[in-house]
Every structure is written in C-alpha cells, then in structure tokens.
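# Sharing a sequence plus its predicted fold:
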Amino acid sequence: MYDIPFLDLPPLQSAAGTVSLPGSKSISNRVLLLAALSEGRTTVHDLLDSDDTQVMLTALRTLGCGVDAQADGTLAITGLSGSLPQRSADLFLGNAGTAMRPLCAALALLATQHGGQFDLRGVPRMHERPIGDLVDALRQLGCPVDYLGNEGYPPLRLGTGQTGTLQLGQPIRVRGDVSSQFLTALLLALPLVASKDVVIDVVGELISKPYIDITLKLLAQFGVAVQRDGWQRFTIPAGSRYRSPGDVFVEGDASSASYFIGLGAIASDTGITVQGVGLASIQGDIRFVEAAQAMGAQITGGPNHLHIRRGAWPLKAIDLDCNHIPDAAMTLAVMALYADGPTRLRNIASWRVKETDRIAAMATELRKLGATVEEGADFIRIEPLAAGGWKPASIHTYDDHRVAMCFSLATFNPDRVPVRIEDPKCVAKTFPDYFETLFEVVTPVAGAVPVICIDGPTASGKGTLGAAVAQALGYHLLDSGALYRLVGLAAERAGLSTASEDLAHPEHGVRMGALAQALQVRFDGDSIWLDGDNVTDALRTEAAGMAASRVSAVPAVRQALLALQHGFARLPGLVADGRDMGTVIFPQAPLKVFLTASAEQRADRRHKQLISKGISATLDSLLADLKARDLRDSTRKDAPLKPAEDAKLLDNSSLDVEQSVAQVLLWWQGTRPFNLQK
Ligand SMILES: Nc1ncnc2c1ncn2[C@@H]1O[C@H](COP(=O)(O)OP(=O)(O)O)[C@@H](O)[C@H]1O
Ligand SMILES: Nc1ccn([C@H]2C[C@H](O)[C@@H](COP(=O)(O)OP(=O)(O)O)O2)c(=O)n1
C-alpha cells in the first residue's frame, strides 16, 4: 500500500498478464456477521483484509466473538449463537457502511431482547451518511434507538439496558430507494428473533437488487431460507436459526474486477486475466462485464476467472441505466473518455450518498482532465477527450477508494500526460495493493518512468537523502555505489586483486568486467545478498568503499553494470544515487541533484555514522581516505564524478536531512506538470 500524500502515475501504453483479486468487501462483511451470529465455528477462506473488514472484526471481538487467525491464512469465527455476552459497548466503525447498517439492526434487536446498550459511531463522513430509514424500521419493531448527533445520521445509541418487547406481528416497512443496505441489515438481523413469521415490506422501488441477492444467497448458506415475493415483500420463516456451514469461501471482489476489465478494454491486445471471480459470480457487479462489452471489450471467462481484451477502439459510447452496477459504474465514467461519443450513466442517485458525493466528485475530477461533463441529480454525461485535449491532473480522491482506482485508467491517454492520485492509501478500504497489482501488468510509455538522480562525493548524504525522497514519493531506490561495492567484494572472494596497479592491466580489467556481469545479487528490502550470503554490513565498511572506488574506474565493470542499473527504473519511479546517475546512466532524468558538503563536514558525518554502528575509525584517516576517493572518482576517464550540466547543486553543509529532503521535493514538484488547483 502507498501510504504517501500522492502517487504520480506516469503515462502507460499497454497491459497484459494475470491479476488475483482480493476478496469481495460485501461478501466478506456479510459472512463475518453471519458467522458471528451463528451457532458453531466457521472457517472463512479468502477474506478481504481491508479497513472495512478490520473495523467489523474489531467490533465482533468487542462483542465477545471468537476470532482466530489460522496459520493457513483462514479465519476461524466462533459464533455467539444468538446470545449476547457483552451487554454494552462503544463501537467505532470507520467509514464502513457494510458494518454500520447490519450491526445497527442486529444489535438493536439483541439489545431489546436481552437488555443491552450499544453506541455506534464512525468517521465524520459516516456521520453524514443517512441511516434514518433503517432507524424508523427498527423503531417500528419496538427497538429504542437514539441519535447522538444529528437526527437521521450516526452516531447512534441502541437499546436502554432494559429488555423490551419486539413487535413482530405487523409487516415491517422499510424504504428501498435510498440504500439497499437497510433491507440487507434487516434481513441479516431478523432471523435472530423470528419466533413467528416476520414480514418486511419494501417501500418505493428497491435499488441495487443484486446486493439483496447476495444477502439472500449467504443467508441460505447459513441455514435461513427467506421467501421473496418480487422485490417488494420478504418473509423470514418462524423458527429460523443461523447455523454455520463450516467452511465459507469469499469470492474475489467483482467491483474491483471492473478496473482490470476497463484496463483490458482500453489497453490490452493480448489480454488481462482476472482470477477470483467468474461469469457465474453471485455479485451483482459482475454485470459490469456486459457494460464493458457494450463499450467494445472482448470478454470470456470461466467459473473463477475472466479474460479481457481490447475489441472496439475507440471504445463505443453508451447510454446505460446503472442501477444494477452502482459501484462498478464509476469505472465506466473514466472509460467514457476513450469513447467515440458522449456516454450517459443514468439512475445513479445512490452515488450521492456513498463514501463521498460520487456524482459531484467524478464530474469535478473528470473536468480536471479536460473533459466536458454534465451532472444531474441522478446521472452523469461525459464527452470523450480527443488527443490534444488531455491535461495532467492531480486527482482529489475524497477518501473514496473507487475514485482513486478508476482514475488510474486515465494514464492511457494519447497525450502521454501523467496522472496524480492524491491520498492513494484510500484504496485500503477494499484493495490495499491496488496500485502494486496494477504496476505488475502495465507497460509504461518508453522513457516515461521518472528518475531522480542524486550524485555527489562520498558521505555527502546521498543515500540518506535518496531513501527519504524515494519514501516520500513511493519510488524505488537504486544505491548504485552498492553495485561497485559488490564487485569489489566479489573480486576479493574470488581471489582477484582490486589493487589499482593490477586493475590497470587490460586482461585483469576484462576479468573484472566478466565478474561484474555474472554478479549473483539480490536486493531484499534493506538487505543485500551476494551468492546467497547476506553482505549488507560487509558492504558498508570503509575498505569496501575504497575497493569500490578502485574497481569503478575499470570501463568493463561500468559497462557490465549498465543494464542492471537501467532495470531499476520501474513503475512508479526511481531515485538513483551515485556518481554518474545524471551524467551517464539516466541522462534524460527530469531532476538531477548534485549533493556536496565540505570534506571536513563529510568526514565528521562518516565518523559519527561508523561510531554509531560500533565500527572504530579515526577522523584523520577518514578525511584522508575521503579526499583520496574524491580525487580518484572525479579524475578517472570513464564517467567521472561531476555535476551534469542541468544538475541542481545542493550544498547541505548547513542543512539538516529534513531541509535537504524538502528542497529536493520542492524542485521535484517544480518539474511536474500538474495544475495544483483543488
Ligand atoms: N544534510 C545532512 N546533514 C547532516 N548529516 C547528514 C546529512 N545528510 C546525511 N547526513 C549524515 O551523514 C552520514 C552519511 O550519509 P550517507 O547518506 O551515508 O552519505 P553517502 O550516501 O553520500 O555516502 C549519515 O550518517 C547521515 O545521517
Ligand atoms: N554511480 C556510481 C556509484 C559509485 N561509484 C563508485 C565510486 C565510489 O567511491 C564507490 C562507492 O560508492 P558509494 O556511493 O557506495 O560510496 P559512499 O556511500 O558515497 O561512500 O563506488 C561509481 O563509480 N559510480
């Protein structure tokens, strides 16, 4: 997951490969609640690990449920079997509608039946998401529910601590035209108290019917067969009881599949395979497949996979009632930019009460890209963007995972402009590794992966600065000096001399080049492995630095390490530190920094650094070594240490690390084309 303020996506050109989807959020949270309410122990396979499932699990633990993570990655839930071991609790449910609504209904009924009191709250946005229709239904049932903030919205207090009588004789009326989650909540909760047949009547046209279908299918799996008359009346039979089915498998998230279906439709001639969800999925959003086909995608699939290829290009514009795929339909709004005419997505009023007002959010952000967009109470109309019309945009994501994910598809624009995704970690709600997964199956436009070069003499702080800048931007890091250090170490191990006079012999240089070419090295986080040995500490000694400086003057060694270094330039970007990053290895880099500090300062820093690691050293010998190294590195014939012509000079003698990092990030922002309007 990218836990950084923004993630810049370079322009992309094509996609191919296979992705595995995380578990469905809707199924995960329903299964967790059903397992918690059941008799017996349920083993849940392929559960989604995300913010929304975490808040549900925390709530269930607080309520006294057994929740045990198993060694095989499954989760064992020991159900409450209709009892209520904890009679009161204050539950924080984040921004998870799939936790707030069903827990509200279940706990209101249990609190009334057993005499309990529960407070439910969430993040500020959760307190703006309506819940009044569900509360009205619960009050009809005789459940005491109080609003602790604004009327009609969480936070809520359920129950009084006293038992009460439930009114189950009359049909319970609930509105179905704002959110289907209210009906789902009642359907999940009422089997707990169905001493007689309990009837639910839906008032208004029920939206998002496929989600009700998921609820009914999962209820059946847990032993409760609800009778359905059309989409207006649902009856929970007297004596219904939740029983664990033992093992439950959570399907991959069909809404998450939409980004990769869109990706295949836009950018894959060979195809994208999506694993974890198939054409017969119980999730309504699987019908996004039909919408994508209508736009021109070629899609085939089996029970547990989909395969998507680009068909029509440009995509075909559509005019679609999206009531059946409210969440996935946001992806269509970005695909519409690549269509052959205006696309209209209708019947999407529910977008306005989701994680954010999604109609307003999509319209605002699509306009930033240059699109002409019309929005209404329950529709959005998007005109395609022609080549020449795309603007580099910084996409605000409104703490809404779907906004962040769907706008990644704007990176295939013909104008080759990058797209900035603000607050990329909001994808943690349903797909924490979304961007990592995307990067595995896309190919950037040639030369588009951004590189920041940091060159300079020893102990100027390149490594420290480079690591901090890479961290801030979510970029990869190349410590090119480590490669030369590795060559020095490998030579020593192979019994090859690294003395300058030996290296000056052409045959010895060739041998050294061959050794560099055959280097068996693995970078694993902060650790570096050579031929299966962890050499991280051995590389950092002064002796290794000196040997590196000597072998680095051999042209065959530099040549051998060229391709290896270029290979580090991977999505989403690279920070490379060394001596010739800006001059030789990445001459096209948009930002090159040449970092210096006085020799005395640098010797002092290195001294402190070594002492802190328990390595003894004297300041005088360090200063002498450092000057010798500076001289050799900057006077050698091949790729000498010197600033690139377009490098920014940064003397950090009187700057601390944070100040240096801030300066480089400021320079970096200056090279980015984003219009930073909100
Ligand atoms: N701007 C700075 N001000 C003070 N100390 C710094 C600064 N940058 C780095 N250092 C310290 O100097 C030492 C050497 O830095 P390092 O990043 O290893 O240098 P290099 O990679 O250029 O050899 C480290 O202990 C680091 O914390
Ligand atoms: N891009 C590079 C990086 C390092 N070298 C050589 C020259 C340096 O003295 C050695 C060791 O580099 P390294 O960056 O690890 O050394 P410091 O951390 O700056 O002390 O390798 C190089 O020639 N080209």
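The structure has been received and is ready for your questions. Ligands and ions are numbered 1, 2, ... in the order given.
# Every contact and neighbour count from this point should use C-alpha atoms.
Noted.
# Return the residues in contact with the residue lying closest to V584 once chain neighbours are set aside.
Taking C-alpha to C-alpha, 6 or more residues apart in numbering, and ignoring the residues beside it in sequence, V584 has A639 as its nearest neighbour in space, at 6.7 Å. Counting by C-alpha atoms under 8 Å, 6 or more residues apart in numbering, A639 makes contact with 579-580, 583-584.
# Residue in the stretch 301-450 of the chain with the shortest distance to ligand 2?
Closest approach of the stretch 301-450 of the chain to ligand 2 (C-alpha to the nearest ligand atom) occurs at P450, with a separation of 17.7 Å.
# contacting residues around the residue lying closest to that residue once chain neighbours are set aside?
Take P450 and drop its neighbours on the chain: the residue closest to it by C-alpha to C-alpha, 6+ apart is G573, 4.9 Å away. Going by C-alpha under 8 Å, 6+ apart, G573 touches 449-451, 474-476.
# mind running it again at 7 Å?
449-451, 475-476 (C-alpha atoms under 7 Å, 6 or more residues apart in numbering).
# Now pLDDT, neighbour count and secondary structure too, for these, in a markdown table please.
Formatted as a markdown table, the contacts of G573 follow (pLDDT from 0 to 100; neighbours: other C-alpha atoms under 10 Å; DSSP: H, G, I helix; E, B strand; the rest coil):
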| residue | pLDDT | neighbour count | secondary structure |
| --- | --- | --- | --- |
| V449 | 98 | 19 | coil |
| P450 | 98 | 22 | coil |
| V451 | 98 | 27 | strand |
| Y475 | 98 | 25 | coil |
| H476 | 96 | 20 | strand |
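# Can you measure across stretch 348-355, start residue to end residue?
14 Å (C-alpha to C-alpha, to the nearest Å).
# and if you look at stretch 301-321?
Its first and final residues considered, stretch 301-321 spans 24 Å by C-alpha to C-alpha.
# about what we covered before: quick one: the residue nearest to P450 and ligand 1, what's the gap?
20 Å (C-alpha to the nearest ligand atom, to the nearest Å).
# can you check T112 too?
From T112 over to ligand 1 (counting by C-alpha to the nearest ligand atom), the distance is 61 Å.
# Kindly report the same for D201.
D201 is 67 Å from ligand 1, by C-alpha to the nearest ligand atom.
# so that residue makes contact with Q170?
No. Between D201 and Q170 there is no contact under C-alpha atoms under 7 Å: 10.0 Å.
# Of those two, give the one with the bigger neighbour count.
Shown here are D201 and Q170; by other C-alpha atoms under 10 Å, D201 has more neighbours (19 against 13).
# Show me the strands in the stretch 551-678 of the chain, by range?
574-578, 591-596, 648-651 (DSSP state E, counting those that start in this stretch).
# ranking the ones you listed by burial, who's on top?
strand 574-578 (a mean of 28; mean count of other C-alpha atoms under 10 Å).
# Mind checking the pLDDT average for it?
Per-region confidence: strand 574-578 scores 97 on mean pLDDT.
# now stretch 324-339
What stretch 324-339 shows for mean pLDDT is 96.
# Over to stretch 228-243?
Mean predicted confidence for stretch 228-243 is 95.
# List the buried residues in it.
Neighbour counts using 16 or more other C-alpha atoms under 10 Å place 232-237, 240-243 of stretch 228-243 among the buried residues.
# That stretch spans what distance, first to last residue?
Terminal-residue distance, stretch 228-243 (C-alpha to C-alpha): 21 Å.
# quick one: that stretch to chain centroid distance?
Centroid separation between stretch 228-243 and its chain, computed with C-alpha atoms, centre = their mean, to the nearest Å, is 38 Å.
# now do stretch 428-448
9 Å.
# And the nearest residue to Y434 once chain neighbours are set aside, how far from W313?
Ranked by C-alpha to C-alpha, 6+ apart and with sequence neighbours excluded, the top spatial neighbour of Y434 is V427, at 6.9 Å. Distance, V427 to W313, by C-alpha to C-alpha: 29 Å.
# How about K209?
Counting by C-alpha to C-alpha - K209 and W313 are separated by 32 Å.
# about what we covered before: now tabulate the strands of the stretch 551-678 of the chain in TSV and tack on distance to ligand 2.
TSV is the format used below for the strands of the stretch 551-678 of the chain (distance: least, C-alpha to the nearest ligand atom, whole Å):
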stretch	distance to ligand 2
strand 574-578	4
strand 591-596	10
strand 648-651	15
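# In TSV: those strands, plus distance to A105.
Formatted as TSV, these follow (distance: least, C-alpha to C-alpha, whole Å):
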stretch	distance to A105
strand 574-578	49
strand 591-596	56
strand 648-651	61
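# Quick check: which of those is nearest to I382?
strand 574-578 (34.8 Å; C-alpha to C-alpha).
# re earlier: ok, the residue nearest to Y434 touching H401?
Yes. Between V427 and H401 there is a contact at 4.2 Å, judged by C-alpha under 7 Å.
# Those two: who's more crowded?
When V427 and H401 are compared for neighbours, V427 comes out ahead with 24 against 21, by other C-alpha under 10 Å.
# Please tell me how far that one sits from ligand 1.
Counting by C-alpha to the nearest ligand atom, the gap from V427 to ligand 1 is 33 Å.
# Likewise for G370?
41 Å.
# who touches that residue in this structure?
Contacts of G370 (C-alpha under 7 Å, 6+ apart): 389-391.
# can I assume S497 sits in a helix?
No. Residue state for S497 (DSSP: H, G, I helix; E, B strand; the rest coil) corresponds to coil; a helix is not indicated.
# For this protein, what lies in contact range of ligand 1?
458-464, 605-606, 609, 652, 655-657, 660 (C-alpha under 6 Å from any ligand atom).
# Now with 5 Å, please.
458-464, 605, 609, 652, 656-657 (C-alpha under 5 Å from any ligand atom).
# filter those residues down to the ones close to ligand 2.
Counting by C-alpha under 5 Å from any ligand atom, the members of the residues of the chain next to ligand 1 near ligand 2 are T458.
# Give me the lowest-pLDDT entry from the residues of the chain next to ligand 1.
Q609 (88).
# and that one, how many residues sit next to it?
13.
# just A467 next, same as before
19.
# what residues are up against it?
L477.
# Got a ChimeraX select line for the buried ones in the contacts of G370?
ChimeraX command restricting these to the buried ones, with burial defined by 16+ other C-alpha under 10 Å:
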select :390,391
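# Stretch 51-64: which residues count as buried?
Applying 16+ other C-alpha under 10 Å to stretch 51-64 flags 51-57, 59-60, 62-64 as buried.
# For the stretch 51-200 of the chain, which residue gets nearest to ligand 2?
For the stretch 51-200 of the chain, C-alpha to the nearest ligand atom, closest residue to ligand 2: D51, 39.6 Å.
# Tell me the predicted confidence for that residue.
At D51, pLDDT is 90.
# Next: A543.
Value listed for A543 in the pLDDT field: 88.
# And P590, by the same measure?
So P590 comes in at 97 (pLDDT).
# residues touching G284, list them.
210-211, 324-325.
# what do you get if the cut-off is 10 Å, keeping everything else the same?
By C-alpha atoms under 10 Å, 6 or more residues apart in numbering, G284 lies in contact with 208-214, 254-255, 324-328.
# and those, which are buried?
208-212, 214, 254-255, 324-328.
# can you pull the contacts of F431?
1, 21-25, 48-51, 253, 256, 401-402, 405, 425, 437.
# swap the cut-off to 8 Å and go again
Applying C-alpha under 8 Å, 6+ apart, the residues near F431 are 22, 50, 256.
# Just those residues: which are in helices?
Among these, DSSP state H puts S256 in helices.
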